[in-house]
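# below is the structure, and that's it, no one-letter string:
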């Protein structure tokens, strides 16, 4: 149960209670308010109209027949007046936006992109504080956003930060993030109205790589991309995130560049949940640590579906606790714990049995990285 914050004011012998209410709503599985802008047409504004943007974060289309968009002032109550309610219609596809145009001000220079819905009795929204909610055909509240510091209804720990004539409040994750906490899910930023024709930028596994691991490693003693943020793809070949371990994992490019001077493996200093055999795309800064190139800090780890490699690597359950780096059969340094296994040819045999023709592409990695403080 959420706690309500109560402000008690004593004046002239009377006690007045002002309640800022956190409304407990489950995170919406599909339609959410993704952006609110009430400064349209105000002094300094670029856009001529206020708008509310919705986003479908679900996996299927949602029929909006009978749905409504409601507005209330920061401390006012939601009502049924036509200038406070916008009927919704049509549908919103998965991963799509829906742009609702509201009142026009006297200023501004740029009309909104083609709105999906234009309110015939448009809502004149506050630029700095108010409340917006979406209700479905059964009158159930699907999403609620209190924006600006004085909004007295909101989800979670508090309302969003205050927007202005020149800023909107935008939901994180391009509209997809919903933790049921307005304060955490929204940030103020440049108004960016998106309609049903907008193609969302790629996210998660769809974000493409920027480099091969070999390009990050380079042919020299240090990465040629030091300090740059890169995104690479590879297969997790060693997970060392346990207590007292290395604080990250190794990944190996299974499409190597065939250049013996460049390594196709790299360490990612990250606590993201991964398993040996996962194909991942990792975003992080290229840097050097104790003479080895690594990615740190890591800002994104996305696991891609690749069950075959995971199955092949999981077969190697009797590998030693501390593996070595093997590239095309050559041992590249490390502790002596696996030297005997390598020298006997047993490790080579296990690799051949498990990986077949992929033997030279998927290799174990060396844990030479020390845990950072």
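Yep, that arrived. Quick caveat, the model's predicted, so the values are computed rather than measured.
# neighbours of the nearest residue to residue 197 once chain neighbours are set aside, how many?
Using Cβ to Cβ, 6 or more residues apart in numbering and skipping residues adjacent in sequence, the residue nearest residue 197 is residue 114, 7.4 Å away. For the C-beta atoms, the positions are set from N, CA and C on the backbone; glycine is no exception. Per other Cβ atoms under 10 Å, the neighbour tally for residue 114 reads 12.
# just checking, residue 114 is part of a helix?
No: looking at residue 114 with DSSP: H, G, I helix; E, B strand; the rest coil, it is coil, so not inside a helix.
# list the contacts of residue 212.
Shown in contact with residue 212 (Cβ atoms under 8 Å, 6 or more residues apart in numbering): 232, 253, 255, 257, 264.
# what bits of the protein have low per-residue confidence?
1-27, 306-373 (pLDDT under 70).
# how about residue 83, phi and psi?
phi -80, psi 10 (degrees, to the nearest 10).
# quick check: domain ranges of this protein?
27-189, 206-315 (automatic domain parsing).
# so residue 184: helix, strand or coil?
Relying on three-state DSSP, one would call residue 184 helix.
# skipping its backbone neighbours, what lies nearest it in space?
Using Cβ to Cβ, 6+ apart, the closest residue to residue 184 is residue 156 (6.5 Å).
# I'd guessed that neighbour sits against residue 178; true?
No: with contacts counted by Cβ atoms under 8 Å, residue 156 stays clear of residue 178, the gap being 10.3 Å.
# let's have the domains of the chain in TSV, adding distance to residue 200.
TSV is the format used below for the domains of the chain (distance: least, Cβ to Cβ, whole Å):
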stretch	distance to residue 200
domain 27-189	5
domain 206-315	9
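# which of the ones you listed sits most buried?
domain 27-189 (a mean of 19; mean count of other Cβ atoms under 10 Å).
# residue contacts, the residue most central in space within the chain?
Most central in the chain under Cα atoms, centre = their mean is residue 173, positioned 4.7 Å from the mean C-alpha point. Going by Cβ under 8 Å, 6+ apart, residue 173 touches residue 203.
# equivalent analysis for residue 55, please.
Neighbours of residue 55 in contact, by Cβ under 8 Å, 6+ apart: 31, 32, 34, 92, 96, 97, 98, 171, 174, 175, 176.
# what do you get for residue 126?
Applying Cβ under 8 Å, 6+ apart, the residues contacting residue 126 are 38, 73, 74, 148.
# and residue 32, by the same measure?
Here residue 32 is in contact with 54, 55, 57, 134, 142, 143, 171, 175, 178 (Cβ under 8 Å, 6+ apart).
# how near is the residue nearest to residue 197 to residue 238?
51 Å (Cβ to Cβ, to the nearest Å).
# ditto for residue 115
From residue 115 to residue 238 the distance is 52 Å (Cβ to Cβ).
# same thing with residue 32?
From residue 32 to residue 238 the distance is 39 Å (Cβ to Cβ).
# picking up where we left off before, do you know how far the residue nearest to residue 197 is from residue 242?
For residue 114, the distance to residue 242 - Cβ to Cβ - is 53 Å.
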